[in-house]
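S.K.: Dropping a prediction and its sequence here:
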4 protein chains.
Amino acid sequence: MTLKMDAGQLQAFLASDFGQVADDFVVERADLDGVRVRLRVAERHLRPGGTVSGPSMFALADVGLYLAILSRIGPVALAVTTNCAIDFMRKPEAGRDLVGEARLLKLGKRLAVGDVVLFSEGVAEPVARAGLTYAIPPGRG
Amino acid sequence: MTLKMDAGQLQAFLASDFGQVADDFVVERADLDGVRVRLRVAERHLRPGGTVSGPSMFALADVGLYLAILSRIGPVALAVTTNCAIDFMRKPEAGRDLVGEARLLKLGKRLAVGDVVLFSEGVAEPVARAGLTYAIPPGRG
Amino acid sequence: MTLKMDAGQLQAFLASDFGQVADDFVVERADLDGVRVRLRVAERHLRPGGTVSGPSMFALADVGLYLAILSRIGPVALAVTTNCAIDFMRKPEAGRDLVGEARLLKLGKRLAVGDVVLFSEGVAEPVARAGLTYAIPPGRG
Amino acid sequence: MTLKMDAGQLQAFLASDFGQVADDFVVERADLDGVRVRLRVAERHLRPGGTVSGPSMFALADVGLYLAILSRIGPVALAVTTNCAIDFMRKPEAGRDLVGEARLLKLGKRLAVGDVVLFSEGVAEPVARAGLTYAIPPGRG
């Protein structure tokens, strides 16, 4: 099992293929344990009260595991999210970026499954946890 | 069982308390069967290829059921999403708004549970389905 | 869109292919809206206190949607559950059977998705709700 | 943060309060990282083909996190499962017990959240992964 894309290549892929949101996300690490992505929290990610919104947390989880899949199969594939179950556990801290630790638990021919734990940067207790499934298109690679 | 807020009151609540996103959502119906909310799809909701993004679908589901709860308990409460399980089933059609049909299945003292089915406007087959749980703060009402 | 198996055929399929649990379930209805299955509640399905256990509710949801898929594609296929998100909302009533109303929301070539609402027989308010996904093996039909 | 019940106490609690299923489960470890529980796979847990059934996997996940909560708050509480999202990733191996590694991610006053990864004993790749939420009754402790 090897890595087909490292953190720099994943970041470049975001810029070229997801230009609209690429500035929101920083790929901090990509290795065989998974991928760590940071959401640069800006005004548009916030809810009243200054905490990160649910959709922004969902977006971080989705991007995190998507990149974890690409790190293994390369940029050719177009995986599609089919399912996400997310538990919101604590309010994210105002004024801090959000970090997602994504790990791939299964990379099959047709389905990939993994989970992501989300943290306010520098805080030990997680704010959310998500399990996600992706359909892998036939004939990849 | 009665309704404490109708569609107009829910729309006004969005404008006053969620000004940042209120323009995105139109409350089309609120009755004892649930709430119907439309996402006015704009450039910022799209992914490459022109379909509505996952986070935007999540946001519609979340707003839909949140408003279904408020329609029953009134604007005093501050319900918090604790869980969402969403199945993405079909690509939304480009150039169409997205509509969410939210129904409340349980309104307890501490937890509210319901589900939302999402459609591209005017298309019969659903694009997504979500089940959501909210924690109701103590001492409401 | 037509039905390939009716209630009687689904019941016979359970008996021949899932003999171990076939006596637990009664297929009460199968039509284009979905499938209704009853769990004949017996001692082995109960938790202390006399209510139906979580695993038994899960089993009813899983069987219900599985049969809803078979009613459309016939007994040749071997669909596999890949995901289930279940909300437990109320305690089932002691001394009553449990009924599941399953509806198929998507029947694709590779994935089928639907949901099931569970009731204590004769009680209006649901005890649980589940969304499930199944992988359809290639080359069915 | 300390442990209120160790593995032996959890096992004894199962025997006294869940006699019907206590023989199915062996509490192998309980510490601050979580709880490890083994399902002694028997004929009644199997599906045709000899693999462990979905409801049995659900039961192991549910028992695992339930015990992880009790290990922290003691046997007085009566936590109730409100939600479970489970991904079935691989077929369990025939002839092997199933092991669940449960970790508690949040222990709040009203809700507890965690996840469980399930393995066929001695096999590295997980067969399933579940996220679960429990409602904690008021006035515990």
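M.R.: Thanks, I have it. Numbering: from 1, shown residues only, chains lettered A, B, ... in the order given.
S.K.: could you point out the longest helix in chain A?
M.R.: Scanning chain A for the longest helix, with DSSP state H as the assignment, gives helix A:54-73.
S.K.: Contacts (any at all) between chain B and that one?
M.R.: Yes - using Cβ under 8 Å from any Cβ of the partner chain, helix A:54-73 reaches chain B at A:G54, A:P55, A:S56, A:F58, A:A59, A:D62. For glycine as for every other residue, the C-beta is placed from the backbone atoms N, C-alpha and C.
S.K.: packing partners for the worst-scoring helix or strand of chain A on mean pLDDT?
M.R.: In chain A, the helix or strand scored least confidently by mean pLDDT, DSSP states H and E is helix A:19-22, which has a mean of 84. If you count contacts as 3 or more Cβ pairs under 8 Å, 6 or more residues apart in numbering or on different chains; DSSP states H and E, helix A:19-22 packs onto helix A:7-17.
S.K.: got a list of contacts for the helix it packs on?
M.R.: Contacting residues not belonging to helix A:7-17 are listed as A:5, A:21-22, A:25-30, A:35, A:63, A:67, A:70-71, A:75, B:48 [Cβ atoms under 8 Å, 6 or more residues apart in numbering or on different chains].
S.K.: Please determine how far A:L65 is located from A:R103.
M.R.: Distance of A:L65 to A:R103, computed by Cβ to Cβ, to the nearest Å: 8 Å.
S.K.: Where does pLDDT dip in chain A?
M.R.: A:77, A:139-141 (pLDDT under 70).
S.K.: hang on, the earlier thing: compare neighbour counts for A:L65 and A:R103 and give me the winner.
M.R.: A:L65 (31 against 15; other Cβ atoms under 10 Å in any protein chain shown).
S.K.: That one: what's it in contact with?
M.R.: A:L65 neighbours (Cβ under 8 Å, 6+ apart): A:V35, A:A102, A:L104, A:A112, A:G114, A:D115, A:V116, A:A130, A:L132, A:Y134.
S.K.: So A:E28 is in contact with A:R40, correct?
M.R.: No - applying Cβ atoms under 8 Å as the test, A:E28 and A:R40 come out as separate, 11.3 Å apart.
S.K.: Looking at these two, which is more packed in?
M.R.: Between A:E28 and A:R40, A:E28 has the larger neighbour count (other Cβ under 10 Å), namely 14 against 11.
S.K.: quick one: contacts for the more buried one?
M.R.: Counting by Cβ under 8 Å, 6+ apart, A:E28 touches A:A7, A:R36, A:V37, A:R38, A:V99.
S.K.: and if you look at A:A22?
M.R.: A:A22 touches A:Q11, A:L14, A:A15, counting by Cβ under 8 Å, 6+ apart.
S.K.: mind running it again at 7 Å?
M.R.: Residues counted as contacts of A:A22 (Cβ atoms under 7 Å, 6 or more residues apart in numbering or on different chains) are A:L14, A:A15.
S.K.: and it, how far is that from chain D?
M.R.: The spacing between A:A22 and chain D, counted by Cβ to the nearest Cβ, to the nearest Å, is 29 Å.
S.K.: Equivalent analysis for A:S16, please.
M.R.: A:S16 is 31 Å from chain D, by Cβ to the nearest Cβ.
S.K.: Next: A:L118.
M.R.: For A:L118, the distance to chain D equals 11 Å [Cβ to the nearest Cβ].
S.K.: number of nearby residues for the nearest residue to A:L78 once chain neighbours are set aside?
M.R.: Distance criterion Cβ to Cβ, 6 or more residues apart in numbering or on different chains; nearest residue to A:L78, sequence neighbours excluded, is A:P137 at 5.7 Å. Residues lying near A:P137 (other Cβ under 10 Å) number 13.
S.K.: list the helices and strands the host helix or strand of A:L105 packs on?
M.R.: Taking DSSP states H and E as the definition, one finds A:L105 inside strand A:98-107. Strand A:98-107 sits against strand A:34-39, helix A:54-73, strand A:111-120, with contacts defined as 3 or more Cβ pairs under 7 Å, 6 or more residues apart in numbering or on different chains; DSSP states H and E.
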